[in-house]
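Asker: Show me how the following folds:
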Amino acid sequence: MTAGNDIEVICVKGTYDRKKDPEVRSEGTYENIGYVYASGSPFRDDSFFRRRFFGIKGKINEVLLLRKLKRENKLDFAILSTGSFFSVLEYFVLSKIFRFKTILNYVEYYSALKKKRFYFGKRLNDKLFDRYACSLTDAVFPISEFLIAHMRKVSPGKKYLKVPVLTDFDKYLQAETLGDQKYFLFCGDASYKEVVLFIIQSFELLIHNNSHYLFLILSGKENNIAEIKNYVSDSVQRDRIKIFPRVTEKELYTYYRNSSALLIPLRPTFQDIARFPHKTGEYLASGNPVISTNYGEIKYYFTDKENMLIADQYDIKLFSEKMQFVIDNPCEAAKIGLRGRNLACQMFDYRRFSGVLDNFLDSGI
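Answerer: Numbering: from 1, shown residues only. This next block holds a predicted model:
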């Protein structure tokens, strides 16, 4: 958009809850980018049969919309942000019919994602995706070195551009100043229960901690949030742990901006080594220190106590020591946060990256 390109986001079917987000429309603009729900509704219907109907309707309208855009000479590239192998296969066919290029936004090593034992269809999809999806597109936007190495094995010679976490720094202009309360902050889905408990246990190890709170901004299913609440209720630090199950975007960035440090421990798993959570960029943009672990993309961008606080391993004691450093050295921690923000401005500001992206698209993929 900043490079002067027109963008249209197409969603096949709705995912919103009609009761929680009644104001969402089936088409319109968000942050000056046009979008449309091809099914005609942005909401996920409660009825199984109506969901199937909207799914079929969305697929038909998606094809008609692509044909319309091509006839109006408005379709050059389709960036595929999906984890569905069959959606990639569908666009492989459509790109040949309507003559446009496809680029895969590759942000997860799907084969490593945890799945229930009986989810055979999901397991098959993820295996097919990681093995063949890159080969079915004209180019790839991998987010990590791990995915680049994997892509080179399954699709040698494929053109690609590494696209890191991209962040809108202007969002922090609307962040308000809170009181003098000091806190560490984690924001994420409650389904990552292991990670949330890791953070709570690290917080519990802090020495003489009577100055800082732990704020957990959790999204996801109510039963997962309830499990974490039950754990907190038995914690020795329960009076200093606060859970926020739902906040507005403005409130979220205000909490980021006023925190003593932001927490994002990565695990030594294929999933965490392959991904690069976009939350990392948002954390860094706040100007406050970020505490993480030395896995995946972290080691390619950051240095411990220079622009981030990094535990060498996914270990509660080591992670707690980094949190303790923030308590004991607030001035130095603040400097680390500012240096992290400066690096993020150079590497992860979407406006700086727009020219790189535009040049790649013009390079003849």
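
Asker: And the helices in the stretch 201-350 of the chain?
Answerer: Taking DSSP state H, counting those that start in this stretch as the criterion, the stretch 201-350 of the chain contains helices spanning 222-233, 249-257, 270-274, 278-285, 298-301, 316-328, 330-347, 350-361.

Asker: Can you say which of those helices is packed in most?
Answerer: Counting by mean count of other CB atoms under 10 Å, helix 278-285 has the highest mean neighbour count of the helices of the stretch 201-350 of the chain, with a mean of 24. To be clear about C-beta, it is placed using only N, CA and C from the backbone, and glycine gets the same treatment.

Asker: Need the contact partners of that one.
Answerer: For helix 278-285, the external contacting residues (CB atoms under 8 Å, 6 or more residues apart in numbering) are 164-169, 171-172, 187-188, 253, 256, 262, 264, 290, 292, 308, 340-341, 343-345, 348.

Asker: Go again with 7 Å.
Answerer: Under the contact criterion CB atoms under 7 Å, 6 or more residues apart in numbering, helix 278-285 has outside partners 165-167, 169, 172, 187, 256, 262, 264, 290, 340-341, 344, 348.

Asker: What average pLDDT does it get?
Answerer: Within the predicted structure, the mean pLDDT of helix 278-285 is 95.

Asker: okay, the angle between that helix and helix 249-257?
Answerer: With axes from the mean of the first three to the mean of the last three CA atoms, to 10 degrees as the basis, helix 278-285 and helix 249-257 are set at 60 degrees to each other.

Asker: pLDDT weak spots in this structure?
Answerer: The model of the chain has pLDDT under 70 over residues 1-4, 115-118.

Asker: Residue 201 versus the nearest residue to residue 127 once chain neighbours are set aside, what's the distance?
Answerer: Counting by CB to CB, 6 or more residues apart in numbering, residue 111 is the residue found nearest to residue 127 once chain neighbours are left out, at 5.7 Å. Between residue 111 and residue 201 the distance, using CB to CB, to the nearest Å, works out to 29 Å.

Asker: hang on, the earlier thing: tell me who's in contact with the residue nearest to residue 127.
Answerer: With CB under 7 Å, 6+ apart as the criterion, the residues that contact residue 111 are 126-127, 130.

Asker: returning to what we had before: tell me the one of the contacts of helix 278-285 nearest residue 99?
Answerer: Minimum distance to residue 99 across the contacts of helix 278-285 is 28.7 Å, recorded for residue 166 (CB to CB).

Asker: number of nearby residues for the closest one?
Answerer: In terms of burial, residue 166 registers 17 neighbours under the definition other CB atoms under 10 Å.

Asker: ok, now how distant is it from residue 158?
Answerer: For residue 166 relative to residue 158 (CB to CB), the value is 22 Å.

Asker: from the chain's centre, how far out does stretch 141-157 sit?
Answerer: Counting by CA atoms, centre = their mean, to the nearest Å, stretch 141-157 is centred 19 Å from the centre of its parent chain.

Asker: Can you list phi and psi of residue 266 for me?
Answerer: Recorded main-chain torsions at residue 266 are phi -100, psi 140, according to degrees, to the nearest 10.

Asker: gap between it and residue 272?
Answerer: The spacing between residue 266 and residue 272, counted by CB to CB, is 4 Å.

Asker: what do those two both touch?
Answerer: In terms of CB under 7 Å, 6+ apart, residue 266 and residue 272 are both contacted by the residues 295-296.

Asker: what about the strands in the stretch 51-200 of the chain?
Answerer: With DSSP state E, counting those that start in this stretch, the ranges of strands along the stretch 51-200 of the chain come out as 77-80, 101-106, 139-142, 159-160, 182-189.

Asker: Make JSON lines from the ones you listed and add distance to residue 318 and mean neighbour count to it.
Answerer: Shown next, in JSON lines, are the strands of the stretch 51-200 of the chain (distance: least, CB to CB, whole Å; neighbours: other CB atoms under 10 Å):
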{"stretch": "strand 77-80", "distance to residue 318": "38", "mean neighbour count": "19"}
{"stretch": "strand 101-106", "distance to residue 318": "31", "mean neighbour count": "21"}
{"stretch": "strand 139-142", "distance to residue 318": "29", "mean neighbour count": "22"}
{"stretch": "strand 159-160", "distance to residue 318": "34", "mean neighbour count": "18"}
{"stretch": "strand 182-189", "distance to residue 318": "15", "mean neighbour count": "20"}
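
Asker: Format the ones you listed as CSV; extra columns: distance to residue 34.
Answerer: Compiled in CSV, these are given as follows (distance: least, CB to CB, whole Å):
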stretch, distance to residue 34
strand 77-80, 14
strand 101-106, 18
strand 139-142, 21
strand 159-160, 27
strand 182-189, 28
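
Asker: Residue 6: what's it in contact with?
Answerer: Contacts for residue 6 were tallied using CB under 7 Å, 6+ apart; they are residue 74.

Asker: rerun that using 6 Å as the cut-off
Answerer: By CB atoms under 6 Å, 6 or more residues apart in numbering, the contact list for residue 6 is empty.

Asker: go on, the one 3 residues further on?
Answerer: Neighbour list for residue 9: residue 35 [criterion: CB under 6 Å, 6+ apart].

Asker: For the protein, which helix extends over the most residues?
Answerer: The helix spanning the most residues in the chain, taking DSSP state H as the definition, is helix 48-71.
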